[in-house]
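Peer 1: after the sequence you'll find the predicted model.
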Amino acid sequence: MPATLTTPNGTTPHSDAATVAFDAALLEAASKAKAAYPDERLRIERGLAICLADGVTLLADGTAQVASQSHPGECYRVNGHCTCLDVAEAPDGRCKHKWGRSLSRWARAACAGAPEASPGPVETPASLDAPTVPEVLTPFLTHLHGKAFVRYAGLLALAHERGLVRLDARIEFHSETLVLASATATFADGRTFTEWADATPANVTAQVRPHWIRMALTRAKARALRDALNIAVVALEELGEVEHGA
């Protein structure tokens, strides 16, 4: 007989052996997550409920489509980054949709634990929310102080692959010590993404300091592209002198 699972919020578990095992792995992941993050129990349980209702679809590029509980039929694209309103309130931005993606990734890795699967290390709750990037950006990644950063050139190349048709940037404010810039990325399907950034002579590297005004434009474009591509990894060009460690 199939295993019997006790699930939160009255969710009905699956009955076939494979999905029963996956649901069990989800419950184990949620239990470990709640032990590690006791103040986030409610968000973890809601993320678990989304998983158990087949509301999380893991995609090949590391992102996930996570169903909205308040707006049936709508989904969030989650990759260490989410556009829901709760992100601003959740600890370190760990909303229920991020937890749904994280729990699902952990459970899938746990279920692939047979020797022939060779899944590699299984994520633990402490690392569940680590941002991932599409494989095509790997050559454009660099690491500083143990953290990954992506180069603007990689974001631009990927955006063109995904339908970027226009990238506008303009100076919105300019003084002797501060520049504010905005950028808007427009895609073939009509989507637009606008972001802002600043630059000062003090928050750019020595190498680009003679061109610090233009750096505000580059940073704004990088942020607009990161929003459009759902890339949570910060662009290298967004860093200042101290962050670079120069």
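Peer 2: Nice, I can see it.

Peer 1: for the strand ranked longest in the chain, buried residues please.
Peer 2: With secondary structure taken from DSSP state E, the chain has its longest strand at strand 164-174. Buried residues in strand 164-174, counting neighbours by 16 or more other CB atoms under 10 Å, are found at 164, 167, 169. No exception for glycine: its C-beta is placed from N, CA and C like everyone else's.

Peer 1: tell me how far Cys111 lies from Asp39.
Peer 2: 28 Å (CB to CB, to the nearest Å).

Peer 1: ok, the two, which is more surrounded?
Peer 2: Taking other CB atoms under 10 Å, Cys111 and Asp39 do not tie; Cys111 has more neighbours (18 against 8).

Peer 1: for the more buried one, what are its contacts?
Peer 2: 18, 21-22, 25 (CB atoms under 8 Å, 6 or more residues apart in numbering).

Peer 1: one more: Cys75?
Peer 2: With the criterion set at CB under 8 Å, 6+ apart, Cys75 makes contact with 57, 65-68.

Peer 1: from those residues, keep the buried residues only.
Peer 2: 66-67.

Peer 1: now the helices for this structure?
Peer 2: With DSSP state H as the criterion, the chain has helices at 17-36, 41-52, 96-111, 152-161, 212-229, 241-244.

Peer 1: weakest of those by average pLDDT?
Peer 2: With a mean of 54, helix 241-244 has the lowest mean pLDDT of those.

Peer 1: count residues in the vicinity of the residue lying closest to Val208 once chain neighbours are set aside, would you?
Peer 2: Once flanking residues are discounted, Val208 sits nearest to Met215: 5.7 Å by CB to CB, 6 or more residues apart in numbering. Here the number of neighbours of Met215 (other CB under 10 Å) works out to 24.

Peer 1: brilliant, that's me finished.
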